[in-house]
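> Next come a sequence and a model predicted from it.
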Amino acid sequence: MLLNLKNISYTYMPGTPFEVTALKNITLDIHQGEYLAIIGQTGSGKSTLIQHLNGLLLPTTGEVYLDGHQVNKDKKRLTAMRRRIGLLFQFPEQQLFEENVAADVAFGPRNLGLSDQEIAVRVDRALRLVGLNPSEVRDRSPFSLSGGQMRRVAMAGILAMEPDLVILDEPAAGLDPRGKEEILNRIDALHREHKMTVVLVSHSMEDVASRAERLIVLADGEIRLAGTPADVFQDAAVLEELGLALPQMTLLMLRLRSAGKEVPMNIFSVEAAKEVILQMMGGDKS
Amino acid sequence: MFKSITIGQFLPGESLLHRLDPRAKFIALILFIGTVFVVQTFFGYLLLGIVLFGLLIVSQLPLRYFFRGLRPVFYITLFTLIVHFFMTKGGEIILRFGPLTVESDGVYLGTFMALRIIFLVICTSILTLTTSPIALADGLEYLMRPLTKIGVPSHEIAMMMTIALRFIPTLMEESEKITKAQLARGADFESGNIFRRAKSMVPLLVPLFVSVFRRADDLAIAMEARCYRGGKGRTRLRELLATPLDYFAVLLSALFLIAVAWSQV
């Protein structure tokens, strides 16, 4: 077990007329090596929740444990926690500041106190992980890159720290369909090939259905549903009530089920659906 | 880190003070500031305090919130008080710490100055807490209108104020977001000497400036796209309408100033 949150609640600006309770009694475990997706509408508390995962926010009530040790105000421990848990905010291209890409990606590793050699190796590796050619972009100003490239540089900045857990807040927001597919595939690869623990935040079921191993659905600061994507999508009524659209293939499978067909629920791609339907029709014929 | 500063942040409400015309409130504020400076005795401050407390009750502002917002000012006041205690000489010696003495004139003057600062801040806070920034800028524009005759661009000043006020919360949010993003990358804003700390602000300031310029650009384009061309001949969505109540409020404030001034002669 990497992280556990026990009954955490968080209130913004307590004691003022602007007081808002963003999280209510959340209990959540994050296991080493898993791919977890957090889904919810804007304002459901997703961003507040992930800031608890690396100690940027401390819960108003409740406890957070990293490797079984409770996280508290201790500065040194917090810094150590942030070094192990990478958090990529929404629109991370806004955090770039250095004069060239290599220096920007190196900012994180430099804060870790690594040697120059090690940093150079990590910068190249991280840039390749996000699909950029190090020798091409290394010396360019980050501000001369396209939006999609800037985002990937920002992502490399987190990966270069080689965290145990990487949290990504809407990494595909505002990208065109191809850019979106590309960045989500990169994250898949990180999880599959590099065994990285991933927490992905999204408001789109479609994006995470086929990728995440586990889903939690957040609404009004509470966990409403949790489980594998196939489990969660069974509760179509709840999801609809929360204003979350089901993936298209799930809708198709639900329709087939209501028509009395025995179809599995873990179908998220057109190809897989085709197979199921062919099988079903073949089965009917024989 | 900025969220704890609540001084003067507008709180929407329906009270009498909220509904007054911003121009009337502005004039009343100026009259009240005049009153604060006219007061020469502690009895005068007592009177002023009672009136301001009455206004605070009428405004329906949550008192705890109001006084908590004053906390930063309290420290400044305390500082003036202490400086006056030790630096202003004259009268009898009250206390003696080695070469330092506290003399009665210092105590008197210090307390007076402290009260003056506190009352000034209370007056202005009541205005800004009950008036939306947009209404404030509108009121200011109207009151500055006579100055256009001598070349003061009153509309432009008010527009700049509106824009600046509009973007303060946005920029605070943004700087908080960037701070967090850099903290997540292991940045350390708090340790080291002053030079190291100044240098550690670079990862914060560069993105913030980039975003400020981008926003300014976007805003300029958006305004131009809607044919903005300055104040001349411009009509407004919300006309300011003074009611008898507004005149009454100004009159009352003026009478208060005169009465206090009279009693202090």
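Yes, it's here.

> How about the residues of the stretch 51-200 of chain B by chain A?
Listed as neighbours of chain A in the stretch 51-200 of chain B under the rule C-beta under 8 Å from any C-beta of the partner chain: B:62, B:64-65, B:68, B:174, B:177-178, B:180-188, B:190. Every C-beta, even on glycine, is put in place using the N, C-alpha and C of the backbone.

> At the contact with chain B, which residues of the stretch 101-250 of chain A appear?
Proximity of the stretch 101-250 of chain A to chain B (C-beta under 8 Å from any C-beta) is limited to residues A:107, A:108, A:111, A:112, A:143, A:157, A:158, A:161.

> Buried members of those into ChimeraX, please.
Selection of buried members from those for ChimeraX, criterion 16 or more other C-beta atoms under 10 Å in any protein chain shown:
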select /A:107,108,111,157,158,161
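
> Who are the packing partners of the longest helix seen in chain B?
Scanning chain B for the longest helix, with DSSP state H as the assignment, gives helix B:154-184. Packing partners of helix B:154-184 (3 or more C-beta pairs under 8 Å, 6 or more residues apart in numbering or on different chains; DSSP states H and E): strand A:85-88, helix B:133-144, helix B:202-225.

> how about the helices in the stretch 1-150 of chain B?
B:16-19, B:22-38, B:42-59, B:63-69, B:71-87, B:104-130, B:133-144 (DSSP state H, counting those that start in this stretch).

> For the strand or helix carrying residue B:259, name the packing helices and strands.
Element membership for residue B:259, per DSSP states H and E: helix B:244-264. If you count contacts as 3+ C-beta pairs under 8 Å, 6+ apart, helix B:244-264 packs onto helix B:22-38, helix B:42-59.

> switch the cut-off to 6 Å
Where contact means 3 or more C-beta pairs under 6 Å, 6 or more residues apart in numbering or on different chains; DSSP states H and E, helix B:244-264 is packed against helix B:22-38.

> and the angle for the helix it packs on with helix B:104-130?
Between helix B:22-38 and helix B:104-130, the angle comes out at 170 degrees (axes from the mean of the first three to the mean of the last three C-alpha atoms, to 10 degrees).

> Contacts for helix B:22-38 next, please.
Under the contact criterion C-beta atoms under 6 Å, 6 or more residues apart in numbering or on different chains, helix B:22-38 has outside partners B:116, B:119-120, B:123, B:127, B:131, B:135-136, B:139, B:142-143, B:246, B:249-250, B:253-254, B:257, B:260-261.

> Try it again at 7 Å.
For helix B:22-38, the surrounding residues in contact (C-beta atoms under 7 Å, 6 or more residues apart in numbering or on different chains) are B:48, B:116, B:119-120, B:123-124, B:127, B:131, B:135-136, B:138-140, B:142-143, B:240, B:242, B:246, B:249-250, B:253-254, B:256-257, B:260-261, B:264.

> hang on, the earlier thing: what's the closest of the helices and strands packed on helix B:154-184 to residue B:72?
helix B:133-144 (19.5 Å; C-beta to C-beta).

> and the closest one, how far out from the chain's middle?
15 Å (C-alpha atoms, centre = their mean, to the nearest Å).

> Return the set of buried residues in that helix.
Neighbour-count burial for helix B:133-144 flags B:133, B:134, B:135, B:136, B:137, B:138, B:139, B:140, B:141, B:142, B:143 (criterion: 16+ other C-beta under 10 Å).

> Kindly report the same for stretch B:177-197.
B:177, B:178, B:179, B:180, B:181, B:182, B:183, B:184, B:185, B:186, B:187.

> pLDDT score for the second one?
Think residue B:178. What the model reports as pLDDT for residue B:178 is 93.

> Can you name the residues that contact the closest residue to residue A:149 other than its chain neighbours?
If the residues on either side of it in the chain are set aside, residue A:149 comes closest to residue A:132, at 6.8 Å by C-beta to C-beta, 6 or more residues apart in numbering or on different chains. Each residue near residue A:132 by C-beta under 7 Å, 6+ apart is listed here: A:149, A:152, A:156.

> just the buried members of these?
With burial judged by 16+ other C-beta under 10 Å, the buried subset of the contacts of residue A:132 is A:149, A:152, A:156.

> Would you mind giving the residues you listed as CSV with secondary structure and pLDDT added?
Shown next, in CSV, are the buried ones among the contacts of residue A:132 (DSSP: H, G, I helix; E, B strand; the rest coil; pLDDT from 0 to 100):
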residue, secondary structure, pLDDT
A:149, helix, 90
A:152, helix, 92
A:156, helix, 94
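
> Of those, just say which sits nearest to chain B.
residue A:156 (11.3 Å; C-beta to the nearest C-beta).

> I'd say the closest one and residue A:126 touch.
Yes: the criterion here is C-beta atoms under 7 Å, and residue A:156 meets it with residue A:126 at 4.0 Å.

> Common neighbours of those two, please.
residue A:105.

> Enumerate every residue touching the residue nearest to the spatial centre of chain A.
The residue lying closest to the centre of chain A (C-alpha atoms, centre = their mean) is residue A:200, at 1.2 Å. Each residue near residue A:200 by C-beta under 7 Å, 6+ apart is listed here: A:37, A:168, A:187, A:208, A:212.

> again, only using 6 Å
If you count contacts by C-beta under 6 Å, 6+ apart, then residue A:200 has A:37, A:168 around it.

> mind saving the C-alpha coords of the helix or strand it falls within as PDB?
Element membership of residue A:200, judged by DSSP H and E, is strand A:197-202. Coordinates of each C-alpha in strand A:197-202 appear next as PDB, following Å, rounded to 0.1, in the frame of the first residue of the first chain:
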ATOM      1  CA  THR A 197       1.600   4.000 -10.300                       C
ATOM      2  CA  VAL A 198      -0.800   6.400 -12.000                       C
ATOM      3  CA  VAL A 199      -3.600   8.500 -10.800                       C
ATOM      4  CA  LEU A 200      -5.500  10.100 -13.600                       C
ATOM      5  CA  VAL A 201      -8.100  12.800 -13.000                       C
ATOM      6  CA  SER A 202     -10.700  13.300 -15.700                       C
END
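
> Note down every partner strand of it and its orientation.
Sheet pairing of strand A:197-202 (DSSP bridges) gives strand A:35-40 (parallel), strand A:165-169 (parallel).

> Now do the shortest one and helix B:154-184, the angle between them.
In other words, strand A:165-169. 160 degrees.

> What's the first helix or strand after strand A:165-169?
Assigned by DSSP H and E, the successor of strand A:165-169 is helix A:177-194.

> burial count for residue 119?
No chain in the question, so chain A it is. When neighbours are counted by other C-beta atoms under 10 Å in any protein chain shown, residue A:119 registers 21.

> The intended chain is chain B.
20.

> Flag every buried residue along the helix-or-strand element of chain A with minimal mean pLDDT.
Lowest by mean pLDDT, DSSP states H and E among the helices and strands of chain A is helix A:270-285, with a mean of 80. Neighbour-count burial for helix A:270-285, with 16+ other C-beta under 10 Å as criterion, is recorded at A:273, A:276, A:277.

> Equivalent analysis for stretch A:137-155, please.
Going by neighbour count (16+ other C-beta under 10 Å), the buried part of stretch A:137-155 is A:137, A:138, A:142, A:145, A:148, A:149, A:150, A:151, A:152, A:153, A:154, A:155.

> Understood, closing this out.
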